[in-house]
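Participant: Let's see this in three dimensions:
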Amino acid sequence: MRSVEERLRQALQERADGVVPDQPAWEDLLTRPDPGPAARGQRLWLAVATAAVVLLVPLFVVARHMSRTSHVNVNGGQGDVGPAAPTGPAVAGPPDGSLAAGFSPASITRISLRVGWALGTSPCGPAVCTALARTRDGGATWHSVPVPAPVLTPSPNGISRVRFANASDGWLFGPQVWATHDGGANWHQVTPLGGPVTSLEAAGGRVWGLVGSAAGVSATVYAAPVASDDWQPVGSGAAAIGISLHGKVGYAATPDGAVIALGPAGIEERGAPCAAASVAAVVAASDSDVAVVCAADPAAGSSTKTLLLSHNGGRTWSTGGAAPRGGQTSGLSAASTHTFVVAATSGASYLYRTADGGRTWKTVFTDNGGGAPLTDLGFTDPTHGVAVLGPPSPKLLVSSDAGATWKAQAFGP
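Facilitator: Residues are numbered from 1 along each chain as shown. From the prediction side, this is the model:
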């Protein structure tokens, strides 16, 4: 019979993604790393400290802990950084391939600070092909993993976004939906749901999607267990603004400006917070905290952007404050219940940040490249954020200080 130590070593080896020593800090992974001593030093991550503590507890506690999966929601809101519902043993997924030089990101998803996928394009001979890149070391290296052959050639009718709930279950979508339940080793197209999928997020063991109408004005909310393809419509409400999740709860907004709550019991309308404006973005900051940006007074390349906060799931609201007018709102994310980042674009692209619930704001990122879209703005934890700056010069932007500063991360082997 093997000793407790031997069984523990095997369990930790099987879940090696959970413990990686000598993990570089995000600052060391950027396009222009600091050459000084601080940049050369390696920081031990929380996972290493956790592993040391794990060695002191009984094996059954370790096994139970390792069966739980952390989730990251990267599209307009901080994900549930606590454990999600168990979805079976983790799988390795496909082997790493060589990522072609010139990879251009279009979408990002992370299930931890170390593990993530980026969907984009790469040169393939004289053409450009859809490409999926994966990192298992926090972005220090990126490798190519396969995409379904039918979507290899970029198309408006194909895919444009990527999301993973855990190491096994993921989706390529927009407007089609392709699913994997083995870490991307195999993909299959989900049976069409009656319209284009405009938003898709996963947390708390469920995946939620907005399926657009023929007129393109509203969408029906669908949901499924993350490990299955059993998508079903949820309730009768129609949504227009993309889904933001935190654990088992989430929010979206209807075409007439009402916030709807998503949860295990279905959907529930919570009223319209923007009395004389429209809801431009919504984010779940915690299980009970939700925020919206109300857009008003649109002008050429600018608008009023007022942050409204609710601490009771959208039942009542208070005014936080107004972000700078430059650009039209394209996203909202929460690093905490008082720290928010707003994305806006016009002739330029901006990220605006507040650390006091909207009372004061700072412009923390500006790109003057002609109004490139900012998408997939989100926080992996209260400190680390991501966003994708679109064409003409696509970049993956990362923050390691709760959104106070943003820098481009390089893609390399």
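Participant: ok, so what distance separates the nearest residue to Ala165 once chain neighbours are set aside from Ala355?
Facilitator: Using Cβ to Cβ, 6 or more residues apart in numbering and skipping residues adjacent in sequence, the residue nearest Ala165 is Ala202, 3.7 Å away. C-betas here are computed from N, CA, C, even on glycine. Counting by Cβ to Cβ, to the nearest Å, the gap between Ala202 and Ala355 amounts to 28 Å.
Participant: Looking at those two, which has the bigger crowd around it?
Facilitator: It is Ala202, of Ala202 and Ala355, that has more neighbours when counted by other Cβ atoms under 10 Å, with 30 against 18.
Participant: quick one, what contacts the more buried one?
Facilitator: Taking Cβ atoms under 8 Å, 6 or more residues apart in numbering as the definition of contact, the neighbours of Ala202 are His71, Asn73, Arg163, Phe164, Ala165, Asp169, Trp171, Trp208, Val226, Leu245.
Participant: got a pLDDT number for it?
Facilitator: pLDDT, the model's per-residue confidence, is 97 for Ala202.
Participant: Which is the succeeding secondary structure element to the helix or strand hosting it?
Facilitator: Of the helices and strands defined by DSSP states H and E, Ala202 is found in strand 197-203. If you walk from strand 197-203 toward the C-terminus, the next helix or strand you reach (DSSP H and E) is strand 206-212.
Participant: May I have the next helix or strand after that following strand as PDB, with CA atoms only?
Facilitator: On the C-terminal side of strand 206-212, the nearest following helix or strand under DSSP H and E is strand 219-225. Listed next in PDB are the C-alpha coordinates belonging to strand 219-225 (Å, rounded to 0.1, in the frame of the first residue of the first chain):
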ATOM      1  CA  ALA A 219     -32.000  38.500 -27.300                       C
ATOM      2  CA  THR A 220     -33.300  35.400 -25.500                       C
ATOM      3  CA  VAL A 221     -31.400  34.200 -22.500                       C
ATOM      4  CA  TYR A 222     -30.300  30.500 -22.700                       C
ATOM      5  CA  ALA A 223     -28.400  28.400 -20.200                       C
ATOM      6  CA  ALA A 224     -26.800  24.900 -19.900                       C
ATOM      7  CA  PRO A 225     -24.700  23.000 -17.400                       C
END
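Participant: How about residues contacting strand 219-225?
Facilitator: Contacts of strand 219-225 with the rest of the structure, by Cβ under 8 Å, 6+ apart, involve 193-195, 198-199, 205-213, 230-235, 237-240, 243, 252, 260, 262, 267.
Participant: picking up where we left off before, which of the contacts of Ala202 are buried?
Facilitator: Neighbour counting with 16 or more other Cβ atoms under 10 Å marks His71, Asn73, Arg163, Phe164, Ala165, Asp169, Trp171, Trp208, Val226, Leu245 as buried within the contacts of Ala202.
Participant: Please convert those to a markdown table, extending it with distance to Ser336.
Facilitator: As requested, the buried ones among the contacts of Ala202 are exported to a markdown table (distance: Cβ to Cβ, whole Å):
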| residue | distance to Ser336 |
| --- | --- |
| His71 | 17 |
| Asn73 | 15 |
| Arg163 | 23 |
| Phe164 | 24 |
| Ala165 | 23 |
| Asp169 | 27 |
| Trp171 | 27 |
| Trp208 | 23 |
| Val226 | 26 |
| Leu245 | 16 |
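Participant: which of those has the weakest pLDDT?
Facilitator: Taken together, those show their lowest pLDDT at His71, with 33.
Participant: In stretch 209-220, which residues are buried?
Facilitator: Gly209, Leu210, Val211, Gly212, Ser213, Ala219, Thr220.
Participant: do stretch 116-135 as well
Facilitator: Buried positions in stretch 116-135, judged by neighbour count with 16+ other Cβ under 10 Å: 116-122, 130-135.
Participant: For it, measure first residue to last.
Facilitator: End-to-end distance for stretch 116-135, by Cα to Cα, to the nearest Å: 5 Å.
Participant: Just the mean pLDDT for it, thanks.
Facilitator: The average pLDDT within stretch 116-135 is 95.
Participant: Would you mark the buried spots in the helix or strand Val388 falls within?
Facilitator: If you go by DSSP H and E, Val388 is part of strand 385-389. Applying a neighbour-count criterion of 16+ other Cβ under 10 Å, the buried positions in strand 385-389 are Gly385, Val386, Ala387, Val388, Leu389.
Participant: Stretch 196-209 too?
Facilitator: Taking 16+ other Cβ under 10 Å as the basis for neighbour counts, the residues of stretch 196-209 that come out buried are 196-209.
Participant: do the same with stretch 221-233
Facilitator: With burial defined by 16+ other Cβ under 10 Å, the residues of stretch 221-233 counted as buried are Val221, Tyr222, Ala223, Ala224, Pro225, Val226, Ala227, Trp231.
Participant: just curious, which of those is nearest to Gly301?
Facilitator: Proximity to Gly301 was ranked across these by Cβ to Cβ; first place goes to Val221, at 32.6 Å.
Participant: From Trp178, how far out is that closest one?
Facilitator: Distance of Val221 to Trp178, computed by Cβ to Cβ: 20 Å.
Participant: From the opening residue of stretch 117-133 to its closing one, how far?
Facilitator: OK, stretch 117-133 end separation, Cα to Cα: 6 Å.
Participant: Check the offset of that stretch from the chain's centre.
Facilitator: Relative to its chain's centre, stretch 117-133 lies at 20 Å (Cα atoms, centre = their mean, to the nearest Å).
Participant: contacting residues for Leu172?
Facilitator: Taking Cβ under 8 Å, 6+ apart, we find Leu172 in contact with Leu119, Leu132, Val147, Pro148, Val151, Ile159, Arg161, Val162, Trp178, Trp187.
Participant: If we use 6 Å, what do you get?
Facilitator: Leu172 makes contact with Ile159, Val162, Trp178 under the criterion Cβ atoms under 6 Å, 6 or more residues apart in numbering.
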